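Engineer: Make a model of this:
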Amino acid sequence: MALQNNNVPPFLVNAERFGIKLGLERMKALAKLLGNPEEGMKFIHVAGTNGKGSVVSYISNVLAAAGYKVGIYTSPFLERFSERIRILDGMSGLDKSFEDECYGEIPTDTLLELTEEVHSAVDIMISSQMEHPTAFELVTAVAFLYFMREKCDYIVLETGLGGRLDATNIISSPVCSVITAIGYDHMAQLGETIDQIAAEKAAIIKPGCSVYILDPILGRLNQEESQKVLQVITNKVIEMHATQNVLSGENIEIIDRGGLRQFFRWKDSSDIFEIQMIGGHQIENAALAVSVLRNWVDINAIKTGLRYTRWKGRNEIICDVPPVMLDGAHNPQGMMALCDTLNSIYVKEKSFAKPMSFIMGMMRDKDVAMTIEVFMRHLKVPIHSVYLVSVDNERTLKAEEFKAQWRACCENIEDKALFYNDNSSMYNVQGKISTYDYAEDACHKAFSVACEEGIPLICVGSLFLVGQIRPILIADIKENIK
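Structural biologist: Sure, this is the predicted structure:
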């Protein structure tokens, strides 16, 4: 079987035509035909709107630092399909992955072999008049087979969409369930209100398990929304006779926040934790991971795992001079977190204390208008230029349509004089916007200008955009070094 599209087996690529169909019946039937590989494995199940990938990475790295063999399942991938299914085998695996970001990803021959096995099971389903599984369900089945055969000690399992009807939710008895920041995203599938969305996420909670929750107020919801979310989750915990652990700002003391290195500690301990993930919100993500592990993993392993943690495409700095940062902020909560990050490092880090350029691209099915408004209202740094791009994806918001939404947002702001006086970085922002049908062209232009003027370049928006332009920017950076 030949590989295509970022080394994805054709069977998995072709299954994309079935789209997104939430539900567990197909996944349960497929798993049964495969011998239920998920049974007997130790899962840490992670759901949420924002921060899932970062929390998964923190937990996985800490477990590896503690000597465990850890299976990691995430989505989507940025550059290689194999990023989604990885194994870190103890501290040596963590060291190797730190040096080589491809290390630990599922080998191509293994991916092909397991895909063929899943394909055979699907043929049986079809012959029995069952519905064809979706692409996500097929990939989840491949991951379960791989982790079972590799005899992983733990699997850190990220939900794909929601939780209740997500393919990963066929697992029956996780070691624990983890719920990160909840916000407004995928509302067509998960519900229009925040409590409906929270109920979908909370459905990963299983009978008798331990549940670790980020206090919703830390996820940038307002007080009323936060109370609704917490009440929904608490009700589910009670229903499942589970144990609830809520991480709030009262649990931790922040020692240094907002720079390229950040430090915090638990208030009942003198141990100081260091992270090198950028963004004040990453302290909450790291602390949530620590709350899961602090009572059963050695403290030194926790410190090491946190220090080693990077998460590609999430506040990732890929160049120091000029600073180039990538972030997949594609909804209002994510954009607010990014704005907070940039406001902070503009003040604290000399290399970022200049007007910033932005490459931005989004999917048309996201809350684009609100994301733009959050950017305009919360970013407090001077803007050099904004490059709006069409992403290489059928769901992309075309660059000119994106610009029209920017124009509409600028025109709809009430009390314009007050707004621009309060946020001078947005003055004449429309005159700084250019559009590109091809993101690659925008990359070359933006990076060239950043080099000439020594200004930070920030790529933000859809993870599809980040995955598309990351290798382009890395190539430009390497060429600039020569």
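
Engineer: Going by C-alpha atoms from here, please, whenever you check contacts or count neighbours.
Structural biologist: OK.

Engineer: Could I get the contacting residues of the nearest residue to K432 once chain neighbours are set aside?
Structural biologist: Spatial nearest neighbour of K432, excluding adjacent residues (CA to CA, 6 or more residues apart in numbering): S385 at 4.8 Å. Residues in contact with S385 (CA atoms under 8 Å, 6 or more residues apart in numbering) are M356, S357, F358, V429, K432, I433, S434.

Engineer: hey, where'd the helices end up in the stretch 351-482 of the chain?
Structural biologist: 368-378, 399-412, 416-422, 439-453, 463-481 (DSSP state H, counting those that start in this stretch).

Engineer: Mean pLDDT, mean neighbour count and distance to K228 added to these, as JSON lines?
Structural biologist: Putting the helices of the stretch 351-482 of the chain into JSON lines (pLDDT from 0 to 100; neighbours: other CA atoms under 10 Å; distance: least, CA to CA, whole Å) gives the following:
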{"stretch": "helix 368-378", "mean pLDDT": "92", "mean neighbour count": "19", "distance to K228": "21"}
{"stretch": "helix 399-412", "mean pLDDT": "90", "mean neighbour count": "16", "distance to K228": "29"}
{"stretch": "helix 416-422", "mean pLDDT": "59", "mean neighbour count": "13", "distance to K228": "31"}
{"stretch": "helix 439-453", "mean pLDDT": "97", "mean neighbour count": "18", "distance to K228": "40"}
{"stretch": "helix 463-481", "mean pLDDT": "93", "mean neighbour count": "17", "distance to K228": "29"}
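
Engineer: any idea how far S92 is from P207?
Structural biologist: 35 Å (CA to CA, to the nearest Å).

Engineer: List just the nearest of the contacts of S385 to T180.
Structural biologist: F358 (27.3 Å; CA to CA).

Engineer: Retrieve the pLDDT associated with the closest one.
Structural biologist: pLDDT recorded at F358 is 97.

Engineer: re earlier: distance to L78 added to the helices of the stretch 351-482 of the chain, as JSON lines?
Structural biologist: JSON lines is the format used below for the helices of the stretch 351-482 of the chain (distance: least, CA to CA, whole Å):
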{"stretch": "helix 368-378", "distance to L78": "21"}
{"stretch": "helix 399-412", "distance to L78": "21"}
{"stretch": "helix 416-422", "distance to L78": "36"}
{"stretch": "helix 439-453", "distance to L78": "15"}
{"stretch": "helix 463-481", "distance to L78": "4"}
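
Engineer: Nearest to C152, out of the ones you listed?
Structural biologist: helix 463-481 (28.2 Å).

Engineer: Just the residues contacting that closest one, thanks.
Structural biologist: Here helix 463-481 makes contact (CA under 8 Å, 6+ apart) with 76-79, 313, 318-319, 326-330, 361-362, 391-393, 439-440, 443-444, 447, 459-460.

Engineer: May I see the ChimeraX selection of the buried members of the residues you listed?
Structural biologist: One line in ChimeraX is enough to select the buried ones among the contacts of helix 463-481; burial here means 16 or more other CA atoms under 10 Å:
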select :76,77,78,79,313,318,326,327,328,329,330,361,362,391,392,439,440,443,447,459,460
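
Engineer: confidence score at G163?
Structural biologist: Turning to G163, the model gives it a pLDDT of 91.

Engineer: oh, I was asking about L3
Structural biologist: So L3 comes in at 48 (pLDDT).

Engineer: Can you pull the phi/psi pair for E274?
Structural biologist: phi -110, psi 140 (degrees, to the nearest 10).

Engineer: Check the spacing between it and P456 real quick.
Structural biologist: Note on E274: its distance to P456, by CA to CA, is 25 Å.

Engineer: The two: who's more crowded?
Structural biologist: P456 (27 against 21; other CA atoms under 10 Å).

Engineer: Ramachandran coordinates for that one?
Structural biologist: Main-chain torsions, P456, degrees, to the nearest 10: phi -70, psi 140.

Engineer: ok, it - contacts?
Structural biologist: P456 makes contacts with P322, P323, V324, M325, S351, F352, K354, P355, M356, S357, A450, as judged by CA under 8 Å, 6+ apart.

Engineer: In TSV, list those residues along with distance to G53.
Structural biologist: Formatted as TSV, the contacts of P456 follow (distance: CA to CA, whole Å):
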residue	distance to G53
P322	27
P323	23
V324	21
M325	17
S351	27
F352	25
K354	30
P355	29
M356	26
S357	26
A450	29
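
Engineer: Could you chop the chain up by domain?
Structural biologist: 10-308, 316-481 (automatic domain parsing).

Engineer: if I look at T140, how far off is D89?
Structural biologist: Distance of T140 to D89, computed by CA to CA: 20 Å.

Engineer: ugh, wrong one, I meant M360
Structural biologist: Noted for M360: a distance of 37 Å to D89, by CA to CA.

Engineer: The two: which has the busier surroundings?
Structural biologist: Neighbour comparison, M360 and D89: the larger count goes to M360, with 26 against 23 (by other CA under 10 Å).

Engineer: which residues does that one bridge with?
Structural biologist: Beta-bridge pairing for M360 (DSSP bridges): L388, V460.

Engineer: Now do it against W406, distance only.
Structural biologist: Relative to W406, and taking CA to CA, M360 is found at 12 Å.

Engineer: Poorly predicted segments of the stretch 101-250 of the chain, please.
Structural biologist: For the stretch 101-250 of the chain, no stretch has pLDDT under 70.

Engineer: Show me where it has its helices.
Structural biologist: Using DSSP H, counting those that start in this stretch, helices in the stretch 101-250 of the chain cover 108-127, 135-149, 187-190, 194-202, 223-239.

Engineer: Compare those helices and give me the one nearest R17.
Structural biologist: R17 sits nearest to helix 135-149 of all those, at 8.3 Å, using CA to CA.

Engineer: Just the C-alphas of the closest one, formatted as PDB.
Structural biologist: Provided in PDB are the C-alpha atoms of helix 135-149 (Å, rounded to 0.1, in the frame of the first residue of the first chain):
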ATOM      1  CA  ALA A 135     -11.600   8.500   9.500                       C
ATOM      2  CA  PHE A 136     -11.200   9.500  13.100                       C
ATOM      3  CA  GLU A 137     -12.600   6.200  14.300                       C
ATOM      4  CA  LEU A 138     -10.200   4.300  12.000                       C
ATOM      5  CA  VAL A 139      -7.200   6.200  13.300                       C
ATOM      6  CA  THR A 140      -8.300   5.600  16.900                       C
ATOM      7  CA  ALA A 141      -8.600   1.900  16.200                       C
ATOM      8  CA  VAL A 142      -5.000   1.900  14.800                       C
ATOM      9  CA  ALA A 143      -3.800   3.700  17.900                       C
ATOM     10  CA  PHE A 144      -5.400   1.300  20.300                       C
ATOM     11  CA  LEU A 145      -3.900  -1.700  18.400                       C
ATOM     12  CA  TYR A 146      -0.400  -0.100  18.400                       C
ATOM     13  CA  PHE A 147      -0.400   0.800  22.100                       C
ATOM     14  CA  MET A 148      -1.700  -2.600  23.100                       C
ATOM     15  CA  ARG A 149       1.000  -4.400  21.100                       C
END
